[in-house]
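1. Build the 3D model from these lines:
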Amino acid sequence: MAKPSSSRHAGDDRGRHGATRLPGLSIDNYNLAIADPEGDGFLGDRASQTAFRTLLDTARREQRTGKDPFGKSPARELGKKEMDLVLVGGDPDAAHLMHLVIEEYARRLVHVLQCFLAQPEWEGVERVVLGGGFPDSEIGGLAIRRAMRLLKIARVDLDLHVLRHDSDEGGLLGWLPLLPRQAHRRHDAFLAVDVGGTNLRCGIVEHRLADDAEGGKARVIERLQWRHADDEPNRGEAIARLAAMLNGLIAQARTLGIRLAPFVGVACPGRIEEDGGIPQGAQNLPGDWEIPFNLPRELTRRLDPVGGRIPLVVMHNDAVVQGLSERLRMRKARRWGVLTIGTGLGNASYTRR
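-> You can find the predicted model right below:
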């Protein structure tokens, strides 16, 4: 595997696994794990999308009157649209049940935010971006708006912002500020990957830096998605599928005449070491992705050349990358953070320099 490129610019880790220093911005902390004092897991798990579904199942069991709007299906099998329809489906008992769950989840989210703000790693955070798939739904939006109200009632000086673009693209677009200089010179686009506990996404990102030097006009021009949770693959099958998806995008870019950079940015849960290994936090991924396994090395072996060169594969945490997709909107905040509400709860904090 090619080594991450070194930088000649002070405070610039672009092109390195788990970069912490970018021009004008530092990635202070990510994957912050606060032990849950009331359980065996982590405090952030209380505000994950999985936690919302657990709350919903509990409320359904405790319901004394009315018909369960979801029948016998457990919440983990319900789609977000299916849950959203309960709010507008005309059954007042079902809507009331969902609003009770939303209220309880909002209180848990506020509690988790307050605990994060009390940590040294999040001291002084002024704004928090909420990403992941949950905020895209109607129930997620209501829960977040309720959390905003609860923060005001509690006089917590914190602004919450929902990811402005599609959450499916946040983990791809956020690679732009991590892109090494040589990857955008003489190239129009690059490949990016976002691996989550339920879905695996990859796409071609057109940086359009000639139109906006800060990257505000970047866009995903092609995207593939695989819901791996439905197939329950082992690690080898997952890596082979990912490589096949990327090689398909490489071929498509060549056919369309897109000047693709020999670079692949991979965002996934967990802490990222300097060699791209994951020492902890990858428990929701298919198979064992943690050290001694090394995803960049294994993926590089399976990728087709781009412009006659084997692509450089660079790793970073998925919450970090998704948060970086909102860096321009956070430009007035000295310190800001991100929570990604998905299968788990990802987190990261930043300081503008």
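
2. for this protein, longest helix please?
-> The residue-count maximum for a helix in the chain (DSSP state H) belongs to helix 92-117.

3. how much does whatever helix or strand comes next after that one deviate in direction from helix 92-117?
-> The C-terminal neighbour of helix 92-117 among helices and strands, as given by DSSP states H and E, is strand 127-131. Angle, strand 127-131 to helix 92-117, by axes from the mean of the first three to the mean of the last three CA atoms, to 10 degrees: 130 degrees.

4. which helices and strands does the helix or strand following strand 127-131 pack with?
-> Sequence-wise, the next helix or strand downstream of strand 127-131 (DSSP H and E) is helix 138-153. For helix 138-153, the packing partners by 3 or more CB pairs under 8 Å, 6 or more residues apart in numbering; DSSP states H and E come out as helix 49-62, helix 80-88, helix 92-117, strand 159-162. (Each C-beta comes from the backbone N, C-alpha and C, glycine too.)

5. Mind telling me which of those the model trusts least?
-> Ranked by mean pLDDT, the helices and strands packed on helix 138-153 bottom out at helix 80-88, which scores a mean of 87.

6. quick one: low-confidence parts of the chain?
-> For the chain, the stretches flagged by pLDDT under 70 are 1-10, 64-66, 90.

7. Spit out the contact partners of residue 309.
-> Contact partners of residue 309, counting by CB atoms under 8 Å, 6 or more residues apart in numbering, are residue 262.

8. That one bridge partners, please.
-> residue 306 (DSSP bridges).

9. if I look at it, how far off is residue 18?
-> 23 Å (CB to CB, to the nearest Å).

10. my guess is residue 262 contacts residue 314, does it?
-> No. Taking contacts as CB atoms under 8 Å, residue 262 lies outside contact range of residue 314: 11.4 Å.

11. which of those two has more neighbours?
-> Ranked by neighbour count (other CB atoms under 10 Å), residue 262 and residue 314 place residue 314 first, with 26 against 21.

12. What are the phi and psi values at the more buried one?
-> Per-residue torsions, residue 314: phi -120, psi 140 (degrees, to the nearest 10).

13. Provide a list of residues in contact with it.
-> Residue 314 makes contacts with 4, 15, 16, 17, 178, 263, 264, 265, 266, 276, 296, as judged by CB under 8 Å, 6+ apart.

14. The last one should be in a helix, yeah?
-> Yes. For residue 296, which was evaluated using DSSP: H, G, I helix; E, B strand; the rest coil, the result is membership in a helix.

15. Next, count neighbours for it.
-> Neighbours of residue 296 under the rule other CB under 10 Å: 21.

16. same thing with the third one?
-> The number of residues packed near residue 16 is 22, by other CB under 10 Å.

17. Hmm, residue 273 and it touching each other?
-> No. Checked against CB under 8 Å, the pair residue 16 and residue 273 is beyond contact range at 11.0 Å.

18. Show me what the strand or helix carrying residue 350 is in contact with.
-> In the assignment (DSSP H and E), residue 350 maps to strand 345-352. Defining contact as CB under 8 Å, 6+ apart, one finds that strand 345-352 is touched by 24-32, 44-45, 47-48, 112, 116, 121-122, 125, 132, 269, 317-320, 322-323, 327, 330-331, 333-340.

19. picking up where we left off before, any buried residues in the longest helix of the chain, and which?
-> Neighbour counts using 16 or more other CB atoms under 10 Å place 94, 97-98, 101-102, 104-113, 115-117 of helix 92-117 among the buried residues.

20. what's the distance between that helix and the middle of its chain?
-> Helix 92-117 has its C-alpha centroid displaced from the chain centroid by 21 Å (CA atoms, centre = their mean, to the nearest Å).

21. which helices and strands does it pack with?
-> helix 49-62, helix 80-88, helix 138-153, strand 335-341.

22. number of nearby residues for residue 197?
-> 20.

23. typo on my end, it should be residue 133
-> Using other CB under 10 Å, residue 133 is surrounded by 19 other residues.

24. okay but it is in contact with residue 170, surely?
-> No. Residue 133 is beyond contact range of residue 170, at 10.1 Å (criterion: CB under 8 Å).

25. Any of the contacts of strand 345-352 buried? List them.
-> The neighbour count (16+ other CB under 10 Å) marks 25-32, 44-45, 47-48, 112, 116, 122, 125, 132, 269, 317-320, 322-323, 327, 330, 333, 335-340 as buried among the contacts of strand 345-352.

26. buried stuff in the strand holding residue 350?
-> Buried residues in strand 345-352 (16+ other CB under 10 Å): 345, 346, 347, 348, 349, 350.

27. Give the pairing partners of that strand; include direction for each.
-> Partners of strand 345-352 in the sheet, by DSSP bridges, are strand 25-30 (antiparallel), strand 335-341 (antiparallel).

28. Next, format the ones you listed as CSV and append distance to residue 225.
-> Putting the strands paired with strand 345-352 into CSV (distance: least, CB to CB, whole Å) gives the following:
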stretch, distance to residue 225
strand 25-30, 24
strand 335-341, 17
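
29. who wins for proximity to residue 214 among these?
-> For the strands paired with strand 345-352, proximity to residue 214 was assessed by CB to CB; strand 25-30 is nearest, at 11.6 Å.

30. number of nearby residues for residue 123?
-> Residues contacting residue 123 under the criterion other CB under 10 Å number 11.

31. Surely residue 50 is in contact with residue 343?
-> Yes. Residue 50 is within contact range of residue 343, at 5.8 Å (criterion: CB under 8 Å).

32. Sketch out the helices for the stretch 151-300 of the chain, chain order is fine.
-> Assigned by DSSP state H, counting those that start in this stretch, the stretch 151-300 of the chain shows helices spanning 167-173, 181-184, 228-231, 235-256, 295-300.
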